[in-house]
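# Any chance you can model this:
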Amino acid sequence: MRNSGAKTPLIKSFLIAWVLGVLLGTLVQSQINLYALQNLGVNIPLPIRFETTLHDLGNFSIVYAVIFGCSFAASQAVALLCSRWTSFKWRIYWCTFGAVAGLWVTFKVVDMIAPMPILIAATRTVVGLFSMLAAAAVAGALFSVLSKRGKLTASPILAFVLLTGLLMPAEQTLAQTSKPYRIDLLADGLESPWSIAFLPDGRALITEKPGRLRLLGSDGKLQAKPLSNVPAVFYGGQAGLFDVLPAPDFAQSKQIFLSYACGTRSANHTCVSVARLGTDGLDGVKEIFRSQMAKSGSAHYGGRMVWLPDNTLIVTLGDGYSYREEAQNLSNHLGKIVRINRDGSVPADNPFVKTSGAKPEIYSYGHRNVQGVAYDPVNKRLVAHEHGPRGGDEVNVINPGVNYGWPKATYGIDYTGAQISPFKEFDGTQQPAIYWVPSIAPSGMTVYDGNLFPQWKGNLLVGALKAQQVSRVVLKGNKATEEEVLFKEVGERFRDIRTGPDGAIYLLTDNPEGKLLRVLPR
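Numbering: from 1, shown residues only. A predicted model of the protein is given here:
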């Protein structure tokens, strides 16, 4: 009689190897992230390293258990079949190779369907990717040793599918305040609108992310045909046509400035061009700025622009997502806010003009993805907001030469639950005026300076994508003293928000069928 107790059951072998693979992968993720911070000069004492590792074991490991588990179940099932077709003495090779190949394919698939280019930060580098795959190889080899011949079962895969369902986030409901306003639909049929800018004659320009510039007449009607001669944009993911900004002397010069993603998926930049607005299109288009270095992927471009009182141009940039440590590197533009003259030249009083090796256009650094910027003329300050990862969205008062911390310090964690930095504050970096945990995904911002809503005058109005709201923020000095949630009832992602020349508030919704909304008093 066969002694079934002498053999480790197949599923038990799988579960033991799976747990080991998850633990090893989590440890690799934690140490790779901490190593990247150490390369930025961040000292990480042993107690903090231990605390970070425990954090990731309790957070990142849950997400990774699903990703690795689905991969491991499928790859080991195939490995056992292959070992039966060949020879069982090759089982350890099939299981080890299968675990590596399966996880590599899973990483590729997950990165294709996830909103961000690379979900698991450790895989951004060759060393990190190979370390994660090596952890999977150990799990595959262990499964081979523990398991013996037995029937394949779909139970592990089913368990992970159910677990994935349990991990889906629940919706949140926010209480609504009284509404001293009404919201009117002004225009619809806009394809992924990104920015709106008002012209002195009552017309407005609207950008559409695929690369079109639309004209809204002074009568509020959208011109059917897009304007011609818009610069070619790289479109895909978060890339496309971004901001439009009239020149301070637009009434005389007819100049407008456009920011956009340019290049190819493997080598792209944030670019700025200037052109004259004609009757049906743009004339004399000229590129005046191209961020350096080139990056791959299609995420984190920044792209907002604003004029300072001295007529210099502020352009916000992103860290390229997979290049987050570059936000601390002054030799490139990733993760920076830059300041240039309207012809693209560098102002002589920029903070790093005389710093060897630094890009002279840099105005501030240590940013993640700055998609809102406004100048407050009353308090004479530049204000910007930026996306955090999972939590840690920030509003900052921007001063020249200041380091705003990313990724040395952040209130957010990675999308996988992994800790990006063990520090919320770090010496030499500026704390935000306000931050959001969980993330609201801010996009677009205005300092309200109209007369229709006097109770909001001088307040920041911050649009949000994920939270589908506008946050009214009162700043005193470098700290927020009040916040109110507005326009939640619309149920739309807000891409841009502006104060109109009539004092109304204008909202662009972020959809393939986007809308322009106007907020007026009741």
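
# you'd agree residue 443 is up against residue 467?
No: using Cβ atoms under 8 Å, residue 443 is not in contact with residue 467; the gap is 10.5 Å. The way it works is simple: take the backbone N, C-alpha and C, and place the C-beta from them, glycine included.

# which of these two has more neighbours?
Ranked by neighbour count (other Cβ atoms under 10 Å), residue 443 and residue 467 place residue 443 first, with 25 against 22.

# Quick check: which element contains that one?
Element membership of residue 443, judged by DSSP states H and E, is strand 442-447.

# Which elements pack onto the next helix-or-strand element following that strand?
Using DSSP H and E, the helix or strand that follows strand 442-447 towards the C-terminus is strand 460-464. Packing partners of strand 460-464 (3 or more Cβ pairs under 8 Å, 6 or more residues apart in numbering; DSSP states H and E): strand 370-376, strand 442-447, strand 469-476, strand 494-499.

# let's see 7 Å
Packing partners of strand 460-464 (3 or more Cβ pairs under 7 Å, 6 or more residues apart in numbering; DSSP states H and E): strand 442-447, strand 469-476, strand 494-499.

# hmm, back to that, in the strand holding residue 443, what's buried?
442-447 (16 or more other Cβ atoms under 10 Å).

# Taking these together, which two end up most distant?
Comparing all pairs in the buried residues of strand 442-447 by Cβ to Cβ, the longest separation belongs to 443 and 447, at 16.0 Å.

# of the buried residues of strand 442-447, closest to residue 310?
Closest to residue 310, out of all of the buried residues of strand 442-447 and judged by Cβ to Cβ, is residue 447, at 18.0 Å.

# okay, the buried residues of strand 442-447 in a markdown table with pLDDT next?
A markdown table is the format used below for those (pLDDT from 0 to 100):
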| residue | pLDDT |
| --- | --- |
| 442 | 97 |
| 443 | 96 |
| 444 | 96 |
| 445 | 98 |
| 446 | 98 |
| 447 | 98 |
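
# Reformat these as JSON lines; add distance to residue 122.
Formatted as JSON lines, the buried residues of strand 442-447 follow (distance: Cβ to Cβ, whole Å):
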{"residue": "442", "distance to residue 122": "27"}
{"residue": "443", "distance to residue 122": "28"}
{"residue": "444", "distance to residue 122": "33"}
{"residue": "445", "distance to residue 122": "33"}
{"residue": "446", "distance to residue 122": "38"}
{"residue": "447", "distance to residue 122": "40"}
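
# Of those residues, which is the nearest to residue 196?
residue 444 (9.1 Å).

# My read is that the closest one contacts residue 463, right?
Yes: Residue 444 lies in contact with residue 463 (Cβ atoms under 7 Å); the separation is 3.9 Å.

# what residues do these two have in common as contacts?
Here residue 444 and residue 463 have 494-497 as joint contacts, going by Cβ atoms under 7 Å, 6 or more residues apart in numbering.

# what helix or strand does residue 83 sit in?
Counting by DSSP H and E, the element that carries residue 83 is helix 60-85.

# Helix, strand or coil: sort out residue 489 for me.
Under DSSP: H, G, I helix; E, B strand; the rest coil, the three-state class of residue 489 is helix.

# sorry, back to before: so of the shared contacts of residue 444 and residue 463, which two are at opposite extremes in space?
Distance extremes for the shared contacts of residue 444 and residue 463: the farthest pair is 495 and 497 at 8.5 Å, using Cβ to Cβ.

# what residues are shared contacts of the two?
With Cβ under 7 Å, 6+ apart as the test, residue 495 and residue 497 both reach 444, 463.

# Helices along the protein, start to end?
Applying DSSP state H to the chain gives helices spanning 10-38, 46-58, 60-85, 91-113, 126-146, 155-166, 250-253.

# number of nearby residues for residue 74?
17.

# Please name the residues that touch the closest residue to it other than its chain neighbours.
Excluding the flanking residues, the one nearest residue 74 by Cβ to Cβ, 6 or more residues apart in numbering is residue 102, at 6.0 Å. Listed by Cβ under 7 Å, 6+ apart, the contact partners of residue 102 are 71-72, 74-75.

# make it 8 Å
71-72, 74-76, 78, 136 (Cβ atoms under 8 Å, 6 or more residues apart in numbering).

# Break this structure down into its domains, please.
Per the record, the chain has its domains at 4-166, 181-521, by automatic domain parsing.

# how about CSV for the helices and strands packed on strand 460-464, with distance to residue 62 added?
Formatted as CSV, the helices and strands packed on strand 460-464 follow (distance: least, Cβ to Cβ, whole Å):
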stretch, distance to residue 62
strand 442-447, 27
strand 469-476, 28
strand 494-499, 31
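
# so how far is residue 107 from residue 82?
Distance of residue 82 to residue 107, computed by Cβ to Cβ, to the nearest Å: 22 Å.

# out of these two, which sits in the busier spot?
Ranked by neighbour count (other Cβ under 10 Å), residue 82 and residue 107 place residue 107 first, with 19 against 16.

# picking up where we left off before, nearest to residue 325, of the helices and strands packed on strand 460-464?
In terms of Cβ to Cβ, the element of the helices and strands packed on strand 460-464 nearest to residue 325 is strand 442-447, at 22.8 Å.

# which neighbours does the closest one have in its sheet, and in what orientation?
Here strand 442-447 is paired, per DSSP bridges, with strand 460-464 (antiparallel).

# how distant is the partner strand from the center of its chain?
17 Å (Cα atoms, centre = their mean, to the nearest Å).

# I'd like the average pLDDT over it.
On average, the pLDDT along strand 460-464 is 98.

# So which residues make contact with it?
372, 374, 383, 385, 395, 440-448, 470-475, 486, 493-497, 499, 505, 507.

# Low-confidence regions, this protein specifically.
Filtered on pLDDT under 70, the chain yields the residue ranges 1-8, 87-88, 148-178.

# For residue 428, give me its contacts.
So residue 428 contacts residue 403 (Cβ under 8 Å, 6+ apart).

# Might one say that residue 294 is in contact with residue 261?
No: using Cβ under 8 Å, residue 294 is not in contact with residue 261, being 11.5 Å away.

# More neighbours: the two, which one.
Using other Cβ under 10 Å as the criterion, residue 294 and residue 261 rank with residue 261 on top: 25 against 14.

# What residues are bridge-paired with the nearest residue to that one once chain neighbours are set aside?
Spatial nearest neighbour of residue 261, excluding adjacent residues (Cβ to Cβ, 6+ apart): residue 239 at 3.6 Å. Going by DSSP bridges, residue 239 is paired in beta bridges with residue 236.

# Residue 321 versus residue 239, what's the distance?
Distance of residue 239 to residue 321, computed by Cβ to Cβ: 11 Å.

# now do residue 393
Distance from residue 393 to residue 321, counting by Cβ to Cβ: 15 Å.

# who has more neighbours, those two?
Each of residue 393 and residue 321 has its neighbours counted (other Cβ under 10 Å); residue 393 has more, 29 against 24.

# Surely residue 453 is in contact with residue 499?
No: using Cβ under 8 Å, residue 453 makes no contact with residue 499, being 9.5 Å away.

# what sits in contact with each of those two?
Counting by Cβ under 8 Å, 6+ apart, the shared contacts of residue 453 and residue 499 are residue 505.

# got a list of what residue 191 touches?
Contacts of residue 191 by Cβ under 8 Å, 6+ apart are 208-210, 212, 512-514.

# now do 7 Å
Residue 191 neighbours (Cβ under 7 Å, 6+ apart): 208, 210, 512, 514.

# out of these, what pair is the most spread apart?
210 and 514 (11.4 Å).
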